[in-house]
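> Give me a 3D structure for the following:
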Amino acid sequence: MEAQPSAKQTPLYSAHQRLGARLIDFGGWLMPVNYPAGIIEEHKATRLAVGVFDVCHMGEIHFRGPRAIQAVQRLVTNDAGALLDGRALYAVACHPAGGIVDDLIVYRVASDHILIVVNASNIAKDYRHFVENVGSLCQIDDESAKTGLIAFQGPQAAAALAGLTDTDLATLPAFAFLTGRRVAGRPVCIARTGYTGEDGFELFCSPEDALPLWDALIDAAAAVGGKPVGLGARDTLRLEARLSLYGNDLDDSTTPLEAGLGWVVKFDKGDFIGKEALLRQRAAGLRRKLAGFEMRERGIARHGYAILDAHTGARLGEVTSGTVGPSVGKNIGMGYLPPSHAEPGTRIVIDCRGKPAQAEVIKGPFYRRKGA
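Down below sits the predicted model:
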């Protein structure tokens, strides 16, 4: 889809133009899908060195007040109450019926201040859901327009970033973050989080500081063989790591139990929206599960392709995400299947535009970084 004039621009739009990016309308934002090097080279640069990603379109919603933690606990399935200051966790927010409103990263800034990062396409929906359900407990502010966010991901991320900051990055564990820091002379919050399956960081800054910070990060990445990375490689990277994408693998009709996210549902933490529905679903047994598969015959599984029973040809579901995995050397995908067909080793068929191709359900991520 070509970029539309009405789409919003991130603070890094001029940098993408300067770097020769191919821009598309992505959820109402003009975003780079790839740069001249191409998707595969950007993917490889992230796996081998470091990739720099514009994620300024993501949403940042702040909860402030003495009952901020109580409010967030009510909203999310994971145990935000167990967080210490400077720590983060992955979670989902659910509707009362158990469907996923969004998948989120929850950051505890202080006992009276929680930040939730939400998906760009869901900012308005999430904010409305939050205010309607817990707006009486604390102040809730959508500060997405006031926040820039750049991801710096890959095995060389820490070494490359170290030259731009006095912060001792070695002491920052995964899902931890530091406020009041400086990178390339600009004030930032440094979080050890990401969406690529690699080690790396996400840097929160002001929109005004985003462009000079981006330029410094691009130079630091280039010095170790890294590149700017667009949405195309971001998708292949996250799918190889088997990280779900809201709108494809997750939506209002899927529950975290079906999506393989039972590990972020803490039934013993107290009440939260959707708890009773999820307890009922767990007791009754799942009717479908999100499964990963590798193609065993020629063909690329694409979003929306039918998944068929290998023996009867009956339709089982459809592909939610699928692509070529540059790092694993295989064509890979995910989709919801009946539990009887979601077991590793099960053969299925993907209908690739009328051409059936065999695939096999596998366990775990398609790619796992060394030492992970």
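
> Show me the shaky parts of the stretch 51-200 of the chain.
The stretch 51-200 of the chain contains no residues with pLDDT under 70.

> Where do the strands of it begin and end?
If DSSP state E, counting those that start in this stretch is used as the criterion, the strands of the stretch 51-200 of the chain fall at 51-54, 59-64, 87-94, 100-110, 113-118, 139-142, 148-153, 177-183, 186-191, 200-205.

> would you list these in a markdown table and tack on mean neighbour count and distance to Gly317?
Where C-beta positions appear, they are placed from N, C-alpha and C, glycine not excepted. Written out in a markdown table, the entries for the strands of the stretch 51-200 of the chain read as follows (neighbours: other C-beta atoms under 10 Å; distance: least, C-beta to C-beta, whole Å):
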| stretch | mean neighbour count | distance to Gly317 |
| --- | --- | --- |
| strand 51-54 | 28 | 31 |
| strand 59-64 | 21 | 30 |
| strand 87-94 | 22 | 21 |
| strand 100-110 | 23 | 17 |
| strand 113-118 | 24 | 27 |
| strand 139-142 | 16 | 35 |
| strand 148-153 | 26 | 31 |
| strand 177-183 | 17 | 37 |
| strand 186-191 | 22 | 35 |
| strand 200-205 | 25 | 32 |
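
> Kindly present those as a markdown table, with separate columns for distance to Lys8.
A markdown table is the format used below for the strands of the stretch 51-200 of the chain (distance: least, C-beta to C-beta, whole Å):
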| stretch | distance to Lys8 |
| --- | --- |
| strand 51-54 | 13 |
| strand 59-64 | 12 |
| strand 87-94 | 24 |
| strand 100-110 | 19 |
| strand 113-118 | 16 |
| strand 139-142 | 14 |
| strand 148-153 | 13 |
| strand 177-183 | 25 |
| strand 186-191 | 23 |
| strand 200-205 | 18 |
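
> Report the residue ranges of every domain in this protein.
Structural domains assigned to the chain are 8-56+147-240, 59-143, 287-362, following automatic domain parsing.

> Tell me which of these lies nearest to Gly274.
With C-beta to C-beta as the criterion, Gly274 lies closest to domain 59-143 of these, at 3.0 Å.

> how long is that closest one from one end to the other?
Terminal residues of domain 59-143 are spaced 8 Å apart (C-alpha to C-alpha, to the nearest Å).

> Tell me the buried residues in the longest helix belonging to the chain?
Counting by DSSP state H, the longest helix found in the chain is helix 207-222. Neighbour counts over helix 207-222 (16 or more other C-beta atoms under 10 Å) mark 209-211, 213-214, 216-218, 220-222 as buried.

> Run through the residues that contact the residue nearest to Ser121 when sequence neighbours are not counted.
Taking C-beta to C-beta, 6 or more residues apart in numbering as the measure, Ser121 lies nearest to Gly27, with 4.0 Å between them; neighbours along the chain are not counted. For Gly27, the contacting residues are 57, 120-121, taking C-beta atoms under 8 Å, 6 or more residues apart in numbering as the criterion.
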